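J.: whatever this is, show me its structure:
(one chain, ligands or ions: 2)
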Amino acid sequence: MDSNIAIAPGVQSPISGPESKAMTHFLRSKHDAIMIGVGTATADNPSLNCRLEGVGGYGGEGLEGQPRPIIIDPQGRWDFNWTSKVIVLAKEGRGKGPFIITLQEPPEWKKKPLEAVGGKYIVCMRGWRDQSKPEPNTHLQWMDMFSALREEGIKSIMIEGGGSVINELLNQRNFGSVNSVIVTVAPMWMGKGGVQVCPEARRENAEKVPMARLRDVKWVPLGEDVVLCGRPKLH
Ligand SMILES: NC(=O)C1=CN([C@@H]2O[C@H](COP(=O)(O)OP(=O)(O)OC[C@H]3O[C@@H](n4cnc5c(N)ncnc54)[C@H](O)[C@@H]3O)[C@@H](O)[C@H]2O)C=CC1
Ligand SMILES: Nc1nc(O)c(N)c(N[C@@H]2O[C@H](COP(=O)(O)O)[C@@H](O)[C@H]2O)n1
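T.: Ligands and ions are numbered 1, 2, ... in the order given. Next comes the predicted model:
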């Protein structure tokens with residue numbers, strides 16, 4: 001309820017109840033890919049698959065209903081190996097091998113476990129300098145990433161997090177490339193010092209104006225949670 005998605009940076013925090021978690025897995029099954037930033041990959045060691053009964057690997061055929069995990073990792077920080085959940089699941093036929101979007105060609109030894117499970121690196125060469133970030137030229141344009149993924153046949157992406165990724169997409173310059181927003185609100189407060197969803201402020205003629213708003217809004221109670229769905233309202 002205080003818009004935190006983790007209790008502290010780098011900590012995985014269970015928030016959703018079982019009903020809304022099931023909805024999340026249903027959404028995963030309906031998208032070609034599920035995307036996270038490297039901060040989430042490092043903090044959570046996530047599975048990033050769909051675990052609903054009847055999808056591929058869970059009673060269903062092949063990998064039917066399994067989204068492709070995508071990790072945005074411009075500097076190759078994610079320290080995955082054969083025991084990382086997403087790699088293990090792909091090896092067991094219960095998820096797809098991850099694609100990692102990066103800025104530099106990675107070393108061969110890093111490619112091995114990835115390629116062995118059907119994953120790969122996608123090298124996007126066009127980094128740009130985000131003045132608000134300390135590292136130079138490590139930022140990727142969202143449209144460049146989406147175009148690179150489209151070339152891989154990926155036409156729908158569910159973006160799960162984390163905080164930096166969501167805050168960036170809520171920013172005015174990126175919000176137009178978002179089709180819909182789905183937020184689970186659980187009846188809890190995490191407290192200050194968490195990973196918060198709160199985009200940069202927006203100003204027009206030096207005056208602060210609301211950052212973003214949704215249209216076609218629905219609030220759906222699911223167990224103890226409520227799920228908010230809407231589409232970006234663009235001017
Ligand atoms: N409750 C929930 O539903 C969720 C919670 N989380 C939590 O969020 C936390 C992680 O959030 P953050 O630390 O903010 O990390 P993050 O997952 O948003 O990753 C941030 C990193 O991704 C890369 N990145 C993102 N956008 C980029 C771009 N346009 N170009 C180049 N690189 C880009 C950068 O390396 C950046 O440092 C974890 O504690 C995790 O548990 C994450 C997902 C969902
Ligand atoms: N829907 C939802 N509710 C929560 O309470 C969460 N903490 C998250 N986290 C996201 O789900 C990923 C973990 O997925 P797996 O269960 O390991 O497949 C985590 O990395 C976050 O992206 N989501």
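
J.: and the longest helix along the chain, which residues are buried?
T.: Determined from DSSP state H, the single longest helix within the chain is helix 18-29. Across helix 18-29, burial judged by 16 or more other C-beta atoms under 10 Å covers 20-21, 23-24, 28-29. Where you see a C-beta, it was placed from the backbone N, CA and C, and this is true even at glycine.

J.: what's downstream of that helix, the next helix or strand?
T.: Downstream of helix 18-29, the first helix or strand assigned by DSSP states H and E is strand 33-37.

J.: picking up where we left off before, export the longest helix of the chain as CSV, just CAs?
T.: Listed next in CSV are the C-alpha coordinates belonging to helix 18-29 (Å, rounded to 0.1, in the frame of the first residue of the first chain):
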residue,chain,number,x,y,z
PRO,A,18,-2.3,-17.0,-3.6
GLU,A,19,-5.2,-15.7,-5.8
SER,A,20,-3.4,-12.7,-7.3
LYS,A,21,-0.2,-14.8,-7.6
ALA,A,22,-2.3,-17.3,-9.7
MET,A,23,-3.4,-14.3,-11.9
THR,A,24,0.3,-13.3,-12.3
HIS,A,25,1.0,-16.9,-13.6
PHE,A,26,-2.0,-16.7,-15.9
LEU,A,27,-0.6,-13.4,-17.3
ARG,A,28,2.8,-15.1,-17.7
SER,A,29,1.2,-17.8,-19.8
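
J.: dump the buried residues of helix 18-29 into a markdown table; add pLDDT and distance to residue 142 as well.
T.: Listed next are the buried residues of helix 18-29 as a markdown table, based on pLDDT from 0 to 100; distance: C-beta to C-beta, whole Å:
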| residue | pLDDT | distance to residue 142 |
| --- | --- | --- |
| 20 | 98 | 26 |
| 21 | 97 | 27 |
| 23 | 97 | 25 |
| 24 | 97 | 22 |
| 28 | 98 | 20 |
| 29 | 98 | 24 |
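
J.: out of these, which is nearest to residue 51?
T.: residue 28 (8.7 Å; C-beta to C-beta).

J.: over to residue 179. Which of the three states is it?
T.: At residue 179, secondary structure determined by DSSP: H, G, I helix; E, B strand; the rest coil is coil.

J.: before we move on, what about residue 182?
T.: State at residue 182, reduced to three classes by three-state DSSP: strand.

J.: quick one: least confident helix or strand in this protein?
T.: strand 127-128 (a mean of 58; mean pLDDT, DSSP states H and E).

J.: just after it, pick out the following helix or strand.
T.: Downstream of strand 127-128 (by DSSP H and E), the next one is strand 139-140.

J.: in contact with the closest residue to residue 190 other than its chain neighbours, which residues are there?
T.: Taking C-beta to C-beta, 6 or more residues apart in numbering, and ignoring the residues beside it in sequence, residue 190 has residue 4 as its nearest neighbour in space, at 3.7 Å. Contact analysis of residue 4 by C-beta atoms under 8 Å, 6 or more residues apart in numbering lists 13, 189-191, 194-197.
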